[in-house]
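J.: Coordinates for the following, if possible.
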Amino acid sequence: MTDDKTKIDASPSKQLFIEMLTRDVLLIPAILDVADNCIDGARRIRPDGSFKGLWVRITIEDDLFSISDNCGGIESEVARKYAFRFGRDADAPMQKHSVGRFGVGLKRAIFKMGTSFSIETIAPTSSFTMSVDVTSWAKKKEWAFEFSALEEGQKNRIAATGTTLRISPLHREVSASFEIPTFETELATEITSKLQDAIRKGLSISVNQTVIHADVEKLVGDKLAPAQAKRKFTSAGNKPVAVKLLCGLGESDDPDVAGWHIYCNGRLVLSGDKTPITGWESEGESVSIPGFHPQFNRFRGYAYFDSDDAGLLPWNTSKTAINADSTIYQAVRLDMIRLMRPVIDFCNQLKIEKEQTGDGKAGPLLKLLQASSLSAVASVATREMFTIPKVAPLLTKTGPTLQRISYDRPIKHVEAVKKALKARSYKEVGEETFDYFYNNEVKECVGRQSETSLTTF
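T.: Below you'll find the model as predicted:
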């Protein structure tokens, strides 16, 4: 038996990458994947974390997607060996604190959006251009791309470095998405949310020349300071994973931002999560957490996972979900549940207080909440556990237990009764009509029953 007959072909198909893997990511997350490469470039040339003066410019047109940056460019040697590989080699140089760890995001995004692309880049010691017709490339056996132009041995100023990617023509469904009037707004919203860490560090990101600004989420401080917990996970031969948790109350009761927000190396992976993934609807031996209810709209939780080796972080390749099977995440989730419980208890007590005081009135807990200071998440003062301050007990009204009654009647009839009663509100109409019936029918009925009982006796 010859060597050829002993071998089984297990080589990948280009169509797998061009047609199949692109189905695992939606269009906007694909665009964010490309932007992540720009942010990694910013980290590479600004390891101190300040991105002031750096920019990323995204353009979307009917049949064109382009993204440009001034974030350091791609060296020709990196392009030859690593940048355009489908997947990441074990010997590839590690970009500390990277968000582009898996080696599929850029290529997957290109194939998802169009059938031809070009790259122009200037790096500190080289520059090149590359143009690829994906349809023609797919028919070739070899997987290599080719430089259209290449210069090496240069000494370019960092300020002059950067990369421009152009994809055109676009696939029909992508072009159709770009033509939707709300698409640009949706993309800007996702950038604001998912890339807010880089924007806050000074990176200017624009879509069709409109610069995007990151929202600053604030937490309630003072006597209602959020809880904070930190952990570090280490294992032999691996970079450590540092975890920071914050759990407290938000400045608003907006249900869209309530829940847990999880970041991996500054990239938002989950936003406002209210599912068992982050501890909701959890039953434990010592701590249990209910399912999410509107009374928890002020709940805010933040989990930050950071590592020089992004492959150790608990996220999927499209950065849109948490890998719940990660042993690190499973351990952290227990801490999240522990920190949640006191905040949940406060929200429950606040709900009861509002029910007792009635609409428009503030009880001791609500007054404490309203009087507390607000601080940005990054700078808020914290404590080990969220605690509910002792407040003066709410004075409860003495008297009979009340029951609310609600019903509907034709508006013409209601207005006629309101006029006859000279009532000032529909609530007063209900109260007056109830009292009229009670006084003239119920009391008289009880009185007649009493007289009959006495006569019979």
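
J.: before we move on, what SS does the spatially most central residue of the chain have?
T.: The residue lying closest to the centre of the chain (CA atoms, centre = their mean) is S271, at 2.2 Å. When classified by DSSP: H, G, I helix; E, B strand; the rest coil, S271 comes out as strand.

J.: Please look at it and S193 and confirm they touch.
T.: Yes - counting by CB atoms under 8 Å, S271 does reach S193; the two are 5.8 Å apart. Any C-beta I mention is one placed from the backbone N, CA and C, and that applies to glycine too.

J.: Any idea how many residues pack against M20?
T.: 11 (other CB atoms under 10 Å).

J.: Is it correct that it falls within a strand?
T.: No - counting by three-state DSSP, M20 is located in no strand; its state is helix.

J.: so how far is D36 from it?
T.: Separation of M20 from D36 (CB to CB, to the nearest Å) stands at 22 Å.

J.: Same question for G279.
T.: Look at G279 and D36: by CB to CB, they are 27 Å apart.

J.: Then P47?
T.: 17 Å.

J.: So for the two, which sits in the more crowded spot?
T.: Each of P47 and D36 has its neighbours counted (other CB under 10 Å); D36 has more, 23 against 10.

J.: mind showing which ranges of the stretch 151-300 of the chain have poor pLDDT?
T.: By pLDDT under 70, the weakly predicted segments of the stretch 151-300 of the chain are 284-285.

J.: Okay, strands next: where are they in it?
T.: 162-167, 204-207, 210-211, 218-220, 227-233, 241-249, 259-264, 267-273, 282-283, 288-289, 299-306 (DSSP state E, counting those that start in this stretch).

J.: Out of these, which is closest to S126?
T.: Comparing the strands of the stretch 151-300 of the chain against S126 with CB to CB, the closest turns out to be strand 162-167 (12.2 Å).

J.: how about T433, secondary structure?
T.: T433 carries the three-state label helix when classified by three-state DSSP.

J.: Tell me the buried residues in whichever strand or helix holds F117?
T.: Using DSSP states H and E, F117 sits in strand 116-122. Buried residues in strand 116-122, counted by 16 or more other CB atoms under 10 Å: 116-117, 119-122.

J.: F147: which of those residues is nearest?
T.: Closest to F147 out of those is I119 (9.7 Å), distances taken as CB to CB.

J.: who touches that closest one in this structure?
T.: For I119, the contact set (CB atoms under 8 Å, 6 or more residues apart in numbering) comprises 74, 128-130, 163-166.

J.: any chance of the residues you listed in JSON lines, plus distance to D253 and neighbour count?
T.: Shown next, in JSON lines, are the contacts of I119 (distance: CB to CB, whole Å; neighbours: other CB atoms under 10 Å):
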{"residue": "I74", "distance to D253": "46", "neighbour count": "23"}
{"residue": "F128", "distance to D253": "53", "neighbour count": "21"}
{"residue": "T129", "distance to D253": "52", "neighbour count": "14"}
{"residue": "M130", "distance to D253": "51", "neighbour count": "19"}
{"residue": "T163", "distance to D253": "43", "neighbour count": "21"}
{"residue": "T164", "distance to D253": "44", "neighbour count": "16"}
{"residue": "L165", "distance to D253": "42", "neighbour count": "21"}
{"residue": "R166", "distance to D253": "45", "neighbour count": "17"}
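
J.: Tabulate those residues (TSV), appending distance to S206.
T.: Shown next, in TSV, are the contacts of I119 (distance: CB to CB, whole Å):
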residue	distance to S206
I74	21
F128	25
T129	24
M130	25
T163	16
T164	14
L165	15
R166	16
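
J.: closest to I60 among those residues?
T.: Distances from I60 to the contacts of I119, taken by CB to CB, are shortest for R166, at 11.7 Å.

J.: pretty sure the closest one contacts D63?
T.: No - in this structure R166 lies outside contact range of D63 using CB under 8 Å: 11.1 Å.
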